[in-house]
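*Asks:* predicted model follows, preceded by the sequence.
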Amino acid sequence: MVKNIAVLVSGGGTNLQALINAQQRNELGGGEIRLVLSSRADAYALVRAEKAGIPGCVISRKEYADTAAFNDAILNRLQQAEIDLVVLAGFMSILSGRLLQVYRNRIINVHPSLIPAFCGDGYYGLRVHQAALDYGVKVTGATVHFVNEITDGGRIILQKAVEVLPDDTPETLQRRVMEQAEWKILPMAVSLICQGKIDENGRVSK
């Protein structure tokens, strides 16, 4: 049975593109991206979705009175599309409430560090890589994890380490982490879940 996947985005969609590329190579373990949902109408990720023939939609936080209404709107759209797995790929809004309950252990996120380092509230985008450089770590990386009520607090599914180089800037480090880690482990995690090889605790089954 095909698993219907929704990818939630807010920006350029490089991780979405990695997933689209994996799908075109039949590497999503029977999963298929059925919806790209953006929190911004100008997100280039929507262009990537259109080019790949994937339906896209926009649900903007500012269109709703509060966070609960915003999350309910997302939940309704996911249910309309009969989505089985939700993938956060640079989605810049926090999910909460009934959405997290209905999709318990069916929402995953990719974060550009080796959790528990440089994660949680306020750690996103280049801020993560600047923090890694400021701290002086020699190794960073990316993590795919389940999403729960705690920011970056869900059980870890996969991680991949990336070397920090002496002359790195936040921008060069961000690019290397994407290329060497995020774009590899995110499609891999999706594939494992769609094949039923990840249990509800995030552990890879034998």
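*Replies:* Yep, that arrived.

*Asks:* now the longest helix belonging to the chain: buried residues?
*Replies:* Assignment by DSSP state H gives helix 67-80 as the longest helix of the chain. Residues of helix 67-80 classed as buried by neighbour count (16 or more other CB atoms under 10 Å): F70, N71, A73, I74, L75, L78. (Glycine included, C-beta is placed from N, CA and C.)

*Asks:* quick one: average confidence on the helix or strand harbouring V36?
*Replies:* In this structure, V36 is located in strand 31-38 according to DSSP states H and E. Strand 31-38 shows a mean pLDDT of 98.

*Asks:* show me what it is packed up against.
*Replies:* Secondary structure elements in contact with strand 31-38, counted by 3 or more CB pairs under 8 Å, 6 or more residues apart in numbering; DSSP states H and E, are strand 3-9, helix 14-24, helix 44-51, strand 56-58, helix 67-80, helix 183-194.

*Asks:* deepest-packed of these, please.
*Replies:* strand 3-9 (a mean of 24; mean count of other CB atoms under 10 Å).

*Asks:* contact partners for E27?
*Replies:* P187, S191 (CB atoms under 8 Å, 6 or more residues apart in numbering).

*Asks:* skipping adjacent residues, who's closest to A131 in space?
*Replies:* Nearest residue to A131 in three dimensions, chain neighbours excluded: F118, at 4.7 Å (CB to CB, 6 or more residues apart in numbering).

*Asks:* in contact with the one you found, which residues?
*Replies:* Shown in contact with F118 (CB under 8 Å, 6+ apart): V128, A131, A132, Y135, T140.

*Asks:* which stretches of the chain have low pLDDT?
*Replies:* Counting by pLDDT under 70, the chain contains low-confidence residues at 1, 200-202, 206.

*Asks:* picking up where we left off before, and the strand holding V36, which strands flank it?
*Replies:* As defined by DSSP bridges, the strand partners of strand 31-38 come to strand 3-9 (parallel), strand 56-58 (parallel).

*Asks:* got the contact list for the first one?
*Replies:* Just to be clear, that refers to strand 3-9. With CB under 8 Å, 6+ apart as the test, strand 3-9 has contacts from 16, 19, 28-39, 43, 45-46, 49, 74, 78, 81-91, 190, 193-194.

*Asks:* hmm, which of these are the buried ones?
*Replies:* Among these, those scoring as buried are 16, 19, 28-29, 31, 33-39, 43, 45-46, 49, 74, 78, 81, 83-91, 190, 193-194 (criterion: 16+ other CB under 10 Å).

*Asks:* gap between A41 and P112?
*Replies:* According to CB to CB, to the nearest Å, A41 stands 25 Å off from P112.

*Asks:* so the two - more neighbours on which side?
*Replies:* P112 (27 against 9; other CB atoms under 10 Å).
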